[in-house]
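Student: Build the 3D model from these lines:
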Amino acid sequence: MIDILFELVVAIGRFFINPIVYLAIFVAVLLGYRRVKNERRHFHIRILSGWAELKGLVLEGLLIALCISVLSLAVGLVVPIEFLLIISAISFLGLLFNFFHLLSPIIYIAIGVVVLAVISWKNGTYTILGHEFDGNSLESGAAITITLLVGLLLIAEGLLIKKKGAHFASPRFENAKRGLKVVSYLSKKVWILPIFLIVPGEAIEAFTPYWPQFTLGSSEFSIVLFPILIGYQQMARTTLPSYLYPKIGRSVLILGEVVVIGGLVSYFLPTVGLYVLLGGAILRIAITVYYMIRERKDVYAVSRNSKGVMIAAILPESPAQKMGLTAGEVIRKVNGVEVHTEQELYEALQINAAHCKLEVIDHKDELRLTQHVVYSKDHHQIGLILA
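Tutor: Residues are numbered from 1 along each chain as shown. Below you'll find the predicted structure:
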C-alpha cells in the first residue's frame with residue numbers, strides 16, 4: 001500500500017513537468033484575451049471574464065477525469081509509454097498551431113495508433129531522442145485498452161461540449177449577403193483532463209490476480225497522471241448556441257458509447273478494436289464537417305427583427321439573466337412602450353428606472369411577460385447585448 005501511495009505522489013509530480021500543461025495554460029489565457037477583445041470591438045463590453053477559459057481549463061472536467069481515472073485503475077487499463085509520448089507530441093502540435101479540430105482525443109489518438117502500426121510494419125522498433133518506440137505493443141493487447149480509453153474520453157468530450165459549449169459562445173457581428181448586419185457565435189475552448197493511467201514499469205507489482213486485467217505482457221507497473229487534451233471549436237449561425245452545442249455534444253456522446261462497446265467486443269476479437277478506433281475517428285470528423293456545413297447557410301438565427309429588439313447575449317448575474325431572458329428572444333415592449341432599436345429600448349427603461357416590465361417573444365414565437373427590480377449598480381441596459 002505504501003508503494004502505491006508513493007507511486008501516486010510521483011505520478012502527480014510527473015503531471016506538472018509535462019509541457020502540455022503549460023502550453024494549454026498559455027492557450028487558455030490567449031483564448032480569453034482574444035474573446036474579450038472581440039466582444040469589446042463589437043459590443044463595447046465583455047460578456048465573460050477574460051480568465052474564464054483558464055479557470056475552467058482543469059476544473060470543468062475534473063469530476064469526469066476522476067471517474068475515468070477510477071475506472072482506469074480499477075480495471076487495469078495498461079497503455080504503452082511510447083503511445084503516450086506519441087499522442088503528447090501530436091496534441092502538443094495541434095495546440096501550438098491552433099488546430100483545434102485535431103484535438104478531439106479520438107482523432108489524435110487514432111493518428112498515434114497509426115504511427116505505432118507503421119513503426120511495427122516497417123521494422124518493429126525505432127529509437128527517437130533516446131527512447132525506443134515499439135510498434136509491436138499494439139499486438140500485445142494495447143488496441144483493446146486504447147479503444148476502451150478513447151470511448152471514455154469521447155463520452156467526456158461530449159459531456160463537456162453539451163454542458164459548456166454554449167456558455168463560451170461569443171457573439172460577433174457579420175454582414176449577410178444582402179448587407180444586413182447579423183450575429184454569429186464562436187465557441188472555442190480547451191480542457192485538460194488529468195487522468196491516472198497505468199504503464200509498464202518497475203514500481204508496483206500486480207497485487208491481486210485480478211489487477212490489472214490488461215497487462216501487455218508485464219507483471220510490474222507504474223502510474224502516471226497524464227494530461228489529456230480536449231479542444232473544441234464551432235461556429236453557430238443558423239442555430240442558436242443553446243440548441244446547437246447540446247446537439248453536437250449528444251452526437252459525440254453517442255459515438256463514445258459505441259466506441260466503448262466496440263472496445264469491450266475487442267477483448268474477444270482484438271482486431272475489432274483497431275477498426276472501431278479508426279472508424280470512430282472518421283465519424284468524429286464527419287460530425288464536425290456536418291455541423292460546419294449546416295451552419296454556413298445564409299440563414300441566421302439572430303438578426304434584426306421587425307417585431308422588436310432581438311437579444312444577442314446576456315451578461316452573467318444581470319437583471320436580464322435573472323428574468324430568464326436568453327439569446328434569440330425578441331423584446332417587444334419595455335414598460336409598456338414598443339421598442340425596435342437599442343436607443344428606444346434605453347429610453348423606455350428610463351420611464352421606470354427602478355423597475356422594468358418586458359413583453360418578450362420567445363423561441364417558440366409565444367409572448368410572455370417578465371419583470372425585475374433594477375438597482376443603481378446594474379448595467380444601464382439591464383445586462384442586454386442586442387443584435
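Student: low-confidence ranges in the stretch 1-150 of the chain?
Tutor: By pLDDT under 70, the low-scoring segments of the stretch 1-150 of the chain are 1-4, 6-7, 120-141.
Student: Tell me where it has helices.
Tutor: Secondary structure of the stretch 1-150 of the chain (DSSP state H, counting those that start in this stretch): helices located at 2-16, 19-43, 52-59, 62-75, 81-96, 105-122, 142-164.
Student: Out of those helices, indicate the one that is most buried.
Tutor: Ranked by mean neighbour count, the helices of the stretch 1-150 of the chain are led by helix 142-164 with a mean of 24 (mean count of other C-beta atoms under 10 Å). Yep, even glycine has a C-beta here, placed from its N, CA and C like the rest.
Student: and the angle from it to helix 62-75?
Tutor: Helix 142-164 runs at 160 degrees relative to helix 62-75, counting by axes from the mean of the first three to the mean of the last three C-alpha atoms, to 10 degrees.
Student: Just give me how far helix 142-164 sits from the chain centre.
Tutor: 12 Å (C-alpha atoms, centre = their mean, to the nearest Å).
Student: now for that helix, which elements pack on it?
Tutor: Applying 3 or more C-beta pairs under 8 Å, 6 or more residues apart in numbering; DSSP states H and E, one finds that helix 142-164 contacts helix 62-75, helix 105-122, strand 181-205, strand 220-236, helix 241-265, helix 270-294.
Student: ok, then the element right after it?
Tutor: Later in the chain than helix 142-164, the nearest helix or strand by DSSP states H and E is strand 169-175.
Student: now for that following strand, which elements pack on it?
Tutor: Against strand 169-175 (3+ C-beta pairs under 8 Å, 6+ apart) you get helix 19-43, strand 181-205.
Student: can you redo these as TSV with distance to Lys333?
Tutor: Putting those into TSV (distance: least, C-beta to C-beta, whole Å) gives the following:
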stretch	distance to Lys333
helix 19-43	23
strand 181-205	22
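Student: Please name whichever of the ones you listed is nearest to Leu85.
Tutor: Minimum separation from Leu85 across those (C-beta to C-beta) falls at strand 181-205, 10.4 Å.
Student: Same question for the closest one: list its buried residues.
Tutor: In terms of neighbour count (16 or more other C-beta atoms under 10 Å), strand 181-205 has its buried residues at 182-200, 204.
Student: Likewise for stretch 273-284?
Tutor: Residues of stretch 273-284 classed as buried by neighbour count (16+ other C-beta under 10 Å): 273-274, 276-277, 279-281, 283-284.
Student: returning to what we had before: so which of the helices and strands packed on helix 142-164 is nearest Ile161?
Tutor: Here helix 241-265 is closest among these (C-beta to C-beta), at 3.8 Å.
Student: Quick check: mean pLDDT of the closest one?
Tutor: Mean pLDDT, helix 241-265: 94.
Student: could you give the angle of it to helix 105-122?
Tutor: 40 degrees.
Student: Figure out how far helix 241-265 is from the centre of its chain.
Tutor: Using C-alpha atoms, centre = their mean, the offset of helix 241-265 from its chain centre is 13 Å.
Student: follow-up on the earlier one: quick one: the helices and strands packed on helix 142-164 as TSV, columns for distance to Glu338 too.
Tutor: What follows is the helices and strands packed on helix 142-164, written out as TSV (distance: least, C-beta to C-beta, whole Å):
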stretch	distance to Glu338
helix 62-75	47
helix 105-122	50
strand 181-205	21
strand 220-236	29
helix 241-265	26
helix 270-294	35
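Student: can you tell which of those is closest to Leu84?
Tutor: Closest approach to Leu84 among these (C-beta to C-beta): strand 220-236, 6.1 Å.
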